[in-house]
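Trainee: Here is a sequence with its predicted model. Questions after.
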Amino acid sequence: MEEKKTVKKKLPIVFLILAILVIMAMGYFICKLYQEKETANAKAGELTQQVSELEGTVENLQEEIDHFSDTTNTTDNTEEAVETTVENTVPTNTNANQTFSTDEIKTALQNFLDLSGVLDGSPEGLLVYLGLTTYGVNQEIGEDYYIKTDISYSEYKNKMLQYMTEEMFEEDFTVNYKNVNGILYFFYGGGSGTIFEVESIRINENGPGYIANVYNVHFDDSREQETFEFQISDYNGNCVISYCEFKE
């Protein structure tokens, strides 16, 4: 009997010890979970800060890229814009302060030289090039070797004023043409013509206008470089040639 009482007394002590051990284990795991949670929160905070810093860096880089792009565009536009300072040689609708881009000026010179080169071939060829007639339409040759067309002289002149001033027209493009009662006549004759190719242009540092490097393209496709001095003007908003001479 005495032994049974001893065993009964020991059992509550064992359960108490087990309960204490369980509580201690649970406390340990709860502490560990809390620590892990705090560590995770700290890491999450660091990651959030790093993401924020990266976003700030990306924004700064984008601002620098945008600034560089704006600066580049401004520089290109500044280099491309060329102010015309030539004398007003066109009689009407001329603004000497008009600005034209380098490409517009280069194209104006190319068009003028194309017309000159075609005229070197034949007066009729120039009219065909301008779209005013076709080869062989006008056949009757006069005693002075001039052929009458069905084109008004004013139509021919107005067409040419799209590319040059009136002064240049009268100087270079009335030879071998006649105005007879308002009708255009051209001289019957011709040659081989000339092909020009404008390579580059630059401002003339020794005088008004510009200097152009131009290739004279021969029929065997060989090229000879030539230099032209030229000036431009504004006619009805178009960049036209007011002066052009071959430079020795």
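Mentor: It's in.

Trainee: Grab the longest strand from the chain for me.
Mentor: Longest strand of the chain, by residue count under DSSP state E: strand 223-235.

Trainee: Determine the set of other helices and strands touching it.
Mentor: Packing partners of strand 223-235 (3 or more CB pairs under 8 Å, 6 or more residues apart in numbering; DSSP states H and E): helix 102-121, strand 210-217, strand 238-247. For glycine as for every other residue, the C-beta is placed from the backbone atoms N, C-alpha and C.

Trainee: Would you give the sheet partners of it, along with the direction of each?
Mentor: Strand pairing for strand 223-235, determined by DSSP bridges: strand 210-217 (antiparallel), strand 238-247 (antiparallel).

Trainee: Would you map the strands across the protein?
Mentor: Taking DSSP E, the strands of the chain run over residues 81-83, 99-101, 146-152, 177-180, 183-187, 195-203, 210-217, 223-235, 238-247.

Trainee: could I get those strands as CSV with mean pLDDT, distance to Glu140 and mean neighbour count?
Mentor: Conversion of the strands of the chain to CSV gives the following (pLDDT from 0 to 100; distance: least, CB to CB, whole Å; neighbours: other CB atoms under 10 Å):
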stretch, mean pLDDT, distance to Glu140, mean neighbour count
strand 81-83, 42, 47, 13
strand 99-101, 91, 43, 16
strand 146-152, 95, 6, 17
strand 177-180, 96, 13, 15
strand 183-187, 96, 11, 20
strand 195-203, 97, 31, 16
strand 210-217, 97, 35, 18
strand 223-235, 96, 35, 19
strand 238-247, 96, 34, 19
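
Trainee: among these, which is nearest Glu124?
Mentor: Glu124 lies closest to strand 183-187 among the strands of the chain, at 5.7 Å (CB to CB).

Trainee: Only C-alpha atoms, please: export that closest one in PDB.
Mentor: What follows is strand 183-187 as a C-alpha-only set of coordinates in PDB (Å, rounded to 0.1, in the frame of the first residue of the first chain):
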ATOM      1  CA  ILE A 183       5.200  83.700-127.300                       C
ATOM      2  CA  LEU A 184       8.400  81.800-126.500                       C
ATOM      3  CA  TYR A 185      10.900  81.000-129.300                       C
ATOM      4  CA  PHE A 186      14.000  78.900-128.800                       C
ATOM      5  CA  PHE A 187      17.200  78.500-130.800                       C
END
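
Trainee: Now do the same contact list for the nearest residue to Gly190 once chain neighbours are set aside.
Mentor: Nearest residue to Gly190, sequence neighbours excluded (CB to CB, 6 or more residues apart in numbering): Ser122, at 2.9 Å. Contact analysis of Ser122 by CB atoms under 8 Å, 6 or more residues apart in numbering lists 189-191, 193.

Trainee: same thing with Val118?
Mentor: Contact partners of Val118, counting by CB under 8 Å, 6+ apart, are 125-126, 129, 193.

Trainee: Next, format the helices and strands packed on strand 223-235 as TSV and append distance to Lys148.
Mentor: Output for the helices and strands packed on strand 223-235, formatted as TSV (distance: least, CB to CB, whole Å):
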stretch	distance to Lys148
helix 102-121	19
strand 210-217	34
strand 238-247	29
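
Trainee: Please look at Val198 and Lys106 and confirm they touch.
Mentor: Yes. Counting by CB atoms under 8 Å, Lys106 is a contact partner of Val198 at 5.6 Å.
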